[in-house]
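> Any chance you could fold what I've pasted below:
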Amino acid sequence: MRIGGTGIIGGGLGGLAAACTLAARGHKVTLFEKNAWLGGKAAVLEEQGFRFDMGPTILTMPRVLERIFAEAGRNLSDYLDLVRLDPQWRCFYDDGTVLDLRNDPAQARQAIGAISPQDQKGFDDFMAVARRLADVSDKFFFWKSVEDLKDTMNLKANMSLETLSDVLSLRMHRTVAGQIKRNVADPRVRQMLEHFIQYVGSSPLGAPAVLCGIAQMQLGEGVWYPMGGTRAVPLALTRLAEELGVDFRTGVDVTRIHTEDGQAKALVTAEGERFEFDRVVSNMDSVRTYKELIGGTAWNSFSRGRTREAACSGVVLYLGLSKAYEHLAHHNFVFSRDPEEEFGAIYDKGEPAPDPTAYIAAPARTEPGVAPEGGEALYILVHTPYLRDRHDWSKMLPAYRRTILDKLARAAGMGDLEERIVVERTLTPQDIHDRYKVLNGAIYGLASHGKVLGAFKPGNRSRQVKGLYLAGGSAHPGPGMPMALMSGWIAADTLHQDATSNAAHVAAQ
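Purely as a prediction, here's the structure:
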């Protein structure tokens, strides 16, 4: 069937952002989603009066959403009610320390000084580095299709003292952990700052120092909660897309991208239906896009040369409680006793950490309606390795659930958690792999490891297949809500540039 225009595979945040941007620029857009809902991992679970965001729970950099809505001349505030959170995080440690990461940098500095006076200056020094790296990222890395260093800047055309300064600021010889250790002495403060890299599901011991810029993107621009939960974000994008005429086809599983002479021509579904398009955007995991939907020489070319390792996965507990824990903030980290032990287990040994860090979202602090009166709807995430053949989470989950609950009892004052649970649901790495078509159950796409290349993901304009564009957390600029949204905008912007350039070329002939 000839439809024309652009076909989008997957209605996650990247796919929805691409659909809205393309439709706002006048493109005909058809989006296919294998699940019955739109939003990908940003799904919702409702049971017995409790409401849980199932996937992402932390929203930063709302300017990315603002830019997508501005494409259509709309104001984000007409679609989403965003509340800025303070503290951004509350951190719990095994020694009983509680440290709030405050929204105001001066207050954050003061809180850090209360447990480690010498690190007030160290925090200032680290944030100065983070601001510089965030500026360089905005200048060379964001808002365009990037796959490697040559895509970031034209050194021959633009070489200057300023450009050289930008290059040197990237600190390509250091890791995130190495940079933080240079600035901060107290291991508790270091552990808090190192966890910014968990937005991309990677180890601070292996991730490049340029990713320290994530700290500025959060501390400088805030942590925000959309009323209605993070599920409200894909709902707002869906509403905008519908207003712009996007054709949504849910419950349709695309199993093949048909190519001719190295160009994407059509999408084929599990039912055998074929839909022809001028161009294709894949919001499916980039590795699985090439391996499972295309194959052949495109897959061989994509997989050649650089190892593309999955990022970490995770176990999520969705717990509806009869009674709230008032000492929790909206976002909380209950830190491991030894980060090197934790990251070594997950990223080096490929095994669940014996004493993990647990992230807890307690959104009733901001939106009481997520739980019955007096209750709590907790989202508890513990990072695990991506799936290996030896992992059988149907057998591993009960024991690891106990490990998680014991950790919360010991470090976060939640010893009676089991007694308060009235609703419990779980998500394992196997569930994530099966539900979202991600690589080996990896929540965050591809790992960001390597001092030089670790920040790079597959570019949004395919180098292997003409007319194919990539969006989502496994494509540039990477995982996390703002980055996945930005990836969709970049894929759409790049496609639009190519389409208008080709049209102008044809018209001139």
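
> Now stretch 251-266: average pLDDT?
Over the span of stretch 251-266, the pLDDT mean works out to 96.

> what separates residue 185 from residue 341, distance-wise?
For residue 185, the distance to residue 341 equals 20 Å [C-beta to C-beta, to the nearest Å]. All C-beta atoms are positioned from the backbone trio N, CA, C, and that covers glycine.

> right, I mislabeled it, should have said residue 335
12 Å.

> neighbour count winner among the two?
Neighbours were counted for residue 335 and for residue 341 using other C-beta atoms under 10 Å; residue 335 has more, 27 against 14.

> Next up, the contacts around the more buried one.
91-94, 188, 191-192, 195, 357, 411 (C-beta atoms under 8 Å, 6 or more residues apart in numbering).

> Pull out the buried residues from stretch 271-281.
By 16 or more other C-beta atoms under 10 Å, the buried positions in stretch 271-281 come out as 275, 277-281.

> Quote the end-to-end distance of that stretch.
20 Å (C-alpha to C-alpha, to the nearest Å).

> Residue numbering should commence at 856 henceforth.
Understood, numbering begins at 856; the last thing we discussed is stretch 1126-1136.

> what comes into contact with that stretch?
For stretch 1126-1136, using C-beta under 8 Å, 6+ apart, the contacting residues are 856-864, 870, 873, 877, 885, 1107, 1112-1113, 1119-1124, 1322-1326, 1343, 1346-1347, 1350, 1353-1354.

> Please report the distance of residue 1191 from residue 1159.
Residue 1191 is 37 Å from residue 1159, by C-beta to C-beta.

> same thing with residue 897?
Residue 897 sits at a distance of 33 Å from residue 1159 (criterion: C-beta to C-beta).

> With neighbour numbers in mind, choose between these two.
More crowded of residue 897 and residue 1159, by other C-beta under 10 Å: residue 897, with 25 against 7.

> secondary structure class for the more buried one?
For residue 897, the assignment made with DSSP: H, G, I helix; E, B strand; the rest coil gives coil.

> what's near enough to touch it?
Contacts of residue 897 (C-beta under 8 Å, 6+ apart): 867-868, 908-911, 1085-1086, 1088-1089, 1336.

> at 7 Å instead, please
868, 910-911, 1085-1086, 1088-1089 (C-beta atoms under 7 Å, 6 or more residues apart in numbering).

> Could you do residue 937 as well?
So residue 937 contacts 917, 1079, 1081 (C-beta under 7 Å, 6+ apart).

> contacting residues around the closest residue in space to it that isn't next to it in sequence?
Using C-beta to C-beta, 6 or more residues apart in numbering and skipping the chain neighbours, the partner closest in space to residue 937 is residue 1079 (4.6 Å). Each residue near residue 1079 by C-beta under 7 Å, 6+ apart is listed here: 914-915, 917, 937-940.

> For the buried ones among the residues you listed, write the corresponding ChimeraX selection.
The following ChimeraX line selects those of the contacts of residue 1079 that are buried, judged by 16+ other C-beta under 10 Å:
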select :914,915,917,937,940
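
> quick one: which of the contacts of residue 1079 is nearest residue 1206?
residue 915 (30.4 Å; C-beta to C-beta).

> Based on its surroundings, how many neighbours for the nearest residue to that closest one once chain neighbours are set aside?
Sequence neighbours aside, residue 1073 is the residue nearest to residue 915 in space, at 5.0 Å (criterion: C-beta to C-beta, 6+ apart). Residues near residue 1073, counting by other C-beta under 10 Å, number 21.

> Thanks again, I'm all set now.
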